[in-house]
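Asker: coords below, sequence missing:
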């Protein structure tokens, strides 16, 4: 019997600079096309401080924009508790992190929270895990690592989790199973025909606002 699953993406954007992440928006779109349910835990607007353009404004490289007027000053949320509540409410079948070097420490802490709050598989992907997969293999709170492109990998993973099938041989994944590390080969690149739209619905709409020539403009990354 084929069952649809719930995937909770995690965006540990500790620097707080708003941007809709290409990886998460694409993978969520792929999963929704297959009928799965997705949601996002995003720390961007929870941070008490975020990156700003102060230095660039002082040197005249950019025109001043009152970003706080549009984005807020930072909510100083208890991120750990908020993450626990999100997991409890959404009840995911898979928790998926997208990681670059700058957000690793925030992500590492959330790995531990996810493991404490749920017993579902935890997968990490993105630039950092692709370049240094062995670094993430050592983390006891990480079950799966996606290396390279993730569209086919996460769609196949969701399908097999939903039907209870073995997941150990999925291309582009490194899988921990029974104390062993299984490193699979790579799949072909994803066939974008028909075109699958990026899923922006799970993101806070403030991610679309960017300062440009002294004004806040709506901007998307495709």
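Answerer: Received, thanks. Everything numeric in this text was worked out from a predicted model, so none of it was measured.
Asker: Helix, strand or coil: sort out residue 176 for me.
Answerer: strand (DSSP: H, G, I helix; E, B strand; the rest coil).
Asker: got the contact list for it?
Answerer: By Cβ atoms under 8 Å, 6 or more residues apart in numbering, the contact set of residue 176 is 137, 142, 143, 144, 182. (Each C-beta comes from the backbone N, C-alpha and C, glycine too.)
Asker: What's opposite it in the beta bridge?
Answerer: Note on residue 176: beta-bridge partners by DSSP bridges are residue 181.
Asker: Show me what the helix or strand that residue 27 is a member of is packed against.
Answerer: Assigned by DSSP states H and E, residue 27 belongs to helix 22-33. For helix 22-33, the contact count by 3 or more Cβ pairs under 8 Å, 6 or more residues apart in numbering; DSSP states H and E identifies strand 6-11, strand 37-42, strand 94-98, helix 151-163 as packing neighbours.
Asker: Not counting sequence-adjacent ones, nearest residue to the most centrally placed residue in the chain?
Answerer: The residue lying closest to the centre of the chain (Cα atoms, centre = their mean) is residue 98, at 3.7 Å. Sequence neighbours aside, residue 126 is the residue nearest to residue 98 in space, at 4.3 Å (criterion: Cβ to Cβ, 6 or more residues apart in numbering).
Asker: For that neighbour, give me its contacts.
Answerer: Counting by Cβ under 8 Å, 6+ apart, residue 126 touches 23, 97, 98, 99, 100.
Asker: just to revisit the earlier point, hey, which of the helices and strands packed on helix 22-33 is tucked in deepest?
Answerer: Ranked by mean neighbour count under mean count of other Cβ atoms under 10 Å, those are led by strand 94-98, which reaches a mean of 27.
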